[in-house]
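> got a predicted structure here, sequence first:
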Amino acid sequence: METSLILFPQLNMCEPKEKTFFKLIHGAAKDDSSREAKLRAKEKRNRLSLLLQKQEFHEEPQARRSGHLARETRVCPEEATRWGESFDKLLSHKDGLETFTRFLKTEFSEENIEFWMACEDFKKSKDPQQMIFKAKAIYEKFIQNDAPQEVNLDFHTKELIAKSITKPTLHSFDAAQSRVYRLMEQDSYTRFLKSDIYSDLIAGRPQRPSNLRRRSRSFTYNEFQDVKSDVAIWL
């Protein structure tokens, strides 16, 4: 039978034509089948990955909402009711302080409670160098003209603080803190007791999303952004 040389290195160089083409076609079919199988497997993996991503996308926000809800409703109505007895009882309770701070954020006036907490932390200072550092930080953030979170203080109070800032005492901010305390007690605390945030707490209802109000000009002169309620910023 006539033989022919086929230029395919994977095949025998000298075989009948029929056998040679059979091997070539059969090998190509196997390669195509293998490629299709790999593509199908890859598509299955991609679909599975997308499915898992979608599941995580829907489950994670739900978990965050559940955690947020648990955090917001942990205060018992009886405890919340006691906060209405006096402003001091509200601030002396950790959850009360957090709730009142959240309320002030809806009015864009949380610099007042931030300043009050910073003063409370300052009075716990023991090391002289730490006291100077904290005093300067409070002055630059809340007291000086055009401070990022300037609180509403009279000129005389500001001058006394400015003069003592290089050699502060534990009572350097007492007058300013007392003034801001009275402003919050007479203004913000009254509105807090009438707010949805407080009403929901004493009724034992889940906390609803808060609506932001216009910034209260009775407390501060300047606009600000990205405020964090954290006494640890002074450490």
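Sure thing, it's come through.
> residue 170 and residue 118, how far apart?
Remark: distance between residue 170 and residue 118 (Cβ to Cβ, to the nearest Å) = 13 Å. C-betas here are computed from N, CA, C, even on glycine.
> more neighbours: which of those two?
residue 118 (22 against 13; other Cβ atoms under 10 Å).
> I figured the more buried one hits residue 136, correct?
No - assessed by Cβ atoms under 8 Å, residue 118 is found out of contact with residue 136, at 11.8 Å.
> average pLDDT across the helix or strand encompassing residue 40?
Remark: residue 40 resides in helix 17-72, with elements defined by DSSP states H and E. Taken as a whole, helix 17-72 has a mean pLDDT of 52.
> before we move on, what about stretch 200-215?
For stretch 200-215, mean pLDDT is 71.
> stretch 157-164 too?
94.
> contacting residues around it?
139, 143-145, 172-173, 175-176, 179 (Cβ atoms under 8 Å, 6 or more residues apart in numbering).
> of these, which is the most crowded?
residue 173 (28 neighbours).
> surely that residue meets residue 122?
Yes - here residue 173 reaches residue 122: they are 6.3 Å apart, a contact under Cβ under 8 Å.
> intersection of neighbour lists for the two?
With Cβ under 8 Å, 6+ apart as the test, residue 173 and residue 122 both reach 135, 138.
> tell me the secondary structure of the residue nearest to residue 188 when sequence neighbours are not counted, please.
Leaving aside its chain neighbours, residue 188 sits nearest to residue 104 (6.1 Å; criterion: Cβ to Cβ, 6 or more residues apart in numbering). Classification of residue 104 by DSSP: H, G, I helix; E, B strand; the rest coil places it in helix.
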